[in-house]
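In: just to be clear, the model below is a prediction. Sequence and coordinates:
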Amino acid sequence: MKKNKLKKLITEIFIKHKLTKNHAKICSEAIVNAELVGAPSHGLSRLKMYCDRINKKVINPKPKIKIKKISQSISHIDANNSIGFVAADIGIKKAIENAKKTGFGLVGIKNSGHYGLSGYYAEQAVKKNLMALIFTNAPPAIAPYGASKTLFGTNPICFATPTSSKIPFILDSSVSIINRGKIRVAANLGKKIPKGVALDKFGNPTTSAKKALKGAQLPIAGFKGSGFAWMVDILSGVLTGGNHGGKVKDPFDDFTGPQNIGHLFIVIKSNIFLKNYNQRIKENIKRIKKLPKIRGLKEILYPGQNKFNRYKKNYNKEIQIPKNIKKDIEILNSKL
């Protein structure tokens, strides 16, 4: 399906689920972007889930979002259980606004939900020649180092900076070896997951996606990865007023209440200390790319290059929709 047609369809589905036209468009843009950058685990595969949560009244389609000004640089947002895309869109725009005024923008958000890809919001800052750091927590998926039960989410960490080229540097990574969305997609398609990324509920290594969802994912770098997950839980949950310590609800399986996810957006003027930042980052990237390469590697890539290339490649192509997701869309559309 062509991207504009798909955006229109998703927008219509969200409008019929009582979102405003503006909020519905914000959601459709983020979902289609995930497909274009090659991250379907954060795209159409979640559309039914968002609609189910609205129907179950655990996402508020008409939120009264409150923005509290702490200072010229700092804002605190109560998203009123809105869909995460809307809360994050307001959050990054406010952080950008604050950073333009003072050089630094800090925005904490509580009472939000899953917002898709962190890199999608970070790129908005980069387009304004700003740097961004973004944190958000997630439902239990990782056992803290030394524990036998999951508690931390895959808790992504995102950092982005202008590069003086059209391709931004965007590191957007979960603290698990692979993100949970990929495991869920594999489970839906009946595919296996790689070895060494997850355990079943008995603590045994597994390549079964379904068993992994009932078990635990493994963090990157063992104890260090567990520490990163903890850090994100503190920054996005404890600090902002969001749920934390394993209390974020699974969006697919737990409809007993809102998720109350927390987000933290930090935006900084890239030239806040030195006016020649763009030249310095250009030199930094050039120096690293000139290093001797291992056999068979054509280019040393920085984070964000692959995603940019996928977006460019897919931009004018039709988006391929798996049969199971196409069926979900047809059902959602027929209910309109």
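Out: Perfect, thanks for sending it.
In: please count neighbours and contacts with C-alpha atoms only from this point.
Out: Noted.
In: all strands of the stretch 101-250 of the chain, in order?
Out: 104-112, 130-136, 157-161, 169-173, 198-199, 216-217 (DSSP state E, counting those that start in this stretch).
In: test my guess that Thr163 contacts Arg280.
Out: No: the pair Thr163 / Arg280 is not scored as a contact, 9.1 Å apart, by Cα atoms under 8 Å.
In: which ones are touching the residue most central in space within the chain?
Out: Centroid check for the chain by Cα atoms, centre = their mean gives Leu117 as the closest residue, at 2.6 Å. By Cα atoms under 8 Å, 6 or more residues apart in numbering, the contact list for Leu117 reads 30, 34, 42, 172.
In: I figured the third one hits Asn179, correct?
Out: No: taking Cα under 8 Å as the contact criterion, His42 and Asn179 are not neighbours in contact, 9.9 Å apart.
In: between these two, which is the more surrounded one?
Out: His42 (24 against 20; other Cα atoms under 10 Å).
In: any idea how far Gly215 is from that one?
Out: As for His42, its distance to Gly215 is 21 Å (criterion: Cα to Cα, to the nearest Å).
In: returning to what we had before: turn the strands of the stretch 101-250 of the chain into JSON lines, including distance to Ile67.
Out: Formatted as JSON lines, the strands of the stretch 101-250 of the chain follow (distance: least, Cα to Cα, whole Å):
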{"stretch": "strand 104-112", "distance to Ile67": "9"}
{"stretch": "strand 130-136", "distance to Ile67": "18"}
{"stretch": "strand 157-161", "distance to Ile67": "23"}
{"stretch": "strand 169-173", "distance to Ile67": "26"}
{"stretch": "strand 198-199", "distance to Ile67": "39"}
{"stretch": "strand 216-217", "distance to Ile67": "35"}
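In: turn those strands into CSV, columns for mean neighbour count, distance to Ser236 and mean pLDDT.
Out: As requested, the strands of the stretch 101-250 of the chain are exported to CSV (neighbours: other Cα atoms under 10 Å; distance: least, Cα to Cα, whole Å; pLDDT from 0 to 100):
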stretch, mean neighbour count, distance to Ser236, mean pLDDT
strand 104-112, 27, 7, 98
strand 130-136, 26, 5, 98
strand 157-161, 23, 10, 98
strand 169-173, 23, 15, 97
strand 198-199, 26, 24, 91
strand 216-217, 28, 20, 92
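In: select, out of those, the one closest to Lys312.
Out: Proximity to Lys312 (Cα to Cα) singles out strand 169-173 among the strands of the stretch 101-250 of the chain, at 15.6 Å.
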